[in-house]
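**Q** Structural data only, the sequence is not supplied:
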């Protein structure tokens, strides 16, 4: 549930960061997503990207803890 909440927030942060990068590179004053479908599509991609990364980090931490207990025991 925590991964879901963090992904929900960070997906929006990524949209803002991506927009800032595009505006700096192309010297735009703003970005117009002409309809809500484009925004939802970009948001969904960012959400699943962050969720996948957090899932990978969670599994890596679990494997590290498991290997530490095997070394100690």
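**A** Received it, and whenever you're ready, just let me know what you need. Source: prediction; values computed, not measured.
**Q** make it CA atoms for all contacts and neighbour counts henceforth
**A** Noted.
**Q** State the helix or strand in which the residue nearest to the spatial centre of the chain lies.
**A** Per CA atoms, centre = their mean, the C-alpha nearest to the average position across the chain is that of residue 50, at 2.6 Å. Under the criterion DSSP states H and E, the helix or strand holding residue 50 is helix 36-72.
**Q** Run through the neighbouring helices and strands of that helix.
**A** Under the contact criterion of 3 or more CA pairs under 8 Å, 6 or more residues apart in numbering; DSSP states H and E, helix 36-72 touches helix 2-26.
**Q** just the angle between the helix it packs on and helix 36-72, please?
**A** Helix 2-26 and helix 36-72 are oriented at 120 degrees to each other (axes from the mean of the first three to the mean of the last three CA atoms, to 10 degrees).
**Q** I'd like to know which elements helix 2-26 is packed against.
**A** Secondary-structure packing of helix 2-26 (3+ CA pairs under 8 Å, 6+ apart): helix 36-72.
**Q** How far off centre is the helix it packs on?
**A** Here helix 36-72 is found 9 Å from its chain centre; the criterion is CA atoms, centre = their mean, to the nearest Å.
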